[in-house]
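**Student:** Take this sequence and fold it.
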Amino acid sequence: MAREEPDANLGGGVFKFRLAREGEGTSGGARTIVALKRDERMVMMFGFEKKDLANIDEKDLKAFKRLTKVYLERSELEMDRLVRDGELVEIKSPQAVESAGKGKP
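**Tutor:** Residues are numbered from 1 along each chain as shown. Next up is the predicted model:
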């Protein structure tokens, strides 16, 4: 789960996070659009550099809201299958990877 609060709630479970580039801060960095159900699931749907795209438009936002509904309504088993089938890629935080490794001999 994200450790920081989103920079913008775009409605319908869609949030925007600003990502800093080393030495530049967040103002000119990248942005990511995510589907988020707090304390349950976060799905990164789109990332872009601020220099390449000022923001998403209303048409894109509507599409992200429809996609968010699909992602957030899926069961854990369905999400696991999408990852297993290569349709989604699971990104684990360094802390999650470290915790998983502690349980192994």
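**Student:** ok, now how distant is the nearest residue to Ala30 once chain neighbours are set aside from Ser75?
**Tutor:** With Cβ to Cβ, 6 or more residues apart in numbering as the criterion, Ala30 has its nearest non-adjacent residue at 4.3 Å, and that residue is Leu19. Backbone N, C-alpha and C define where each C-beta goes, glycine included. Taking Cβ to Cβ, to the nearest Å as the measure, Leu19 and Ser75 are separated by 29 Å.
**Student:** mind listing what the most centrally placed residue in the chain touches?
**Tutor:** The chain has Met44 as the residue nearest its centroid, 2.5 Å off, counting by Cα atoms, centre = their mean. Met44 makes contact with Thr32, Ile33, Val34, Ile91, according to Cβ atoms under 8 Å, 6 or more residues apart in numbering.
**Student:** so it is in which element?
**Tutor:** strand 41-49 (DSSP states H and E).
**Student:** Start from the N-terminal end of the chain and give the helices.
**Tutor:** Taking DSSP state H, the helices of the chain run over residues 58-73, 76-84, 94-102.
**Student:** could you give the angle of the second one to helix 58-73?
**Tutor:** Angle of helix 76-84 versus helix 58-73, following axes from the mean of the first three to the mean of the last three Cα atoms, to 10 degrees, is 120 degrees.
**Student:** Would you map out the domains in the protein?
**Tutor:** The chain breaks down into these domains under automatic domain parsing: 1-73, 75-105.
**Student:** least reliable of the ones you listed going by mean pLDDT?
**Tutor:** Here these differ in mean pLDDT, and the lowest is domain 75-105 at a mean of 78.
**Student:** about what we covered before: so what strands line up beside the strand holding Met44?
**Tutor:** strand 25-37 (antiparallel) (DSSP bridges).
**Student:** Run a quick neighbour tally on the nearest residue to Lys37 once chain neighbours are set aside.
**Tutor:** Distance criterion Cβ to Cβ, 6+ apart; nearest residue to Lys37, sequence neighbours excluded, is Leu72 at 4.9 Å. Residues near Leu72, counting by other Cβ atoms under 10 Å, number 17.
**Student:** related to what we said a few turns ago, tell me which of the domains of the chain sits most buried.
**Tutor:** domain 1-73 (a mean of 14; mean count of other Cβ atoms under 10 Å).
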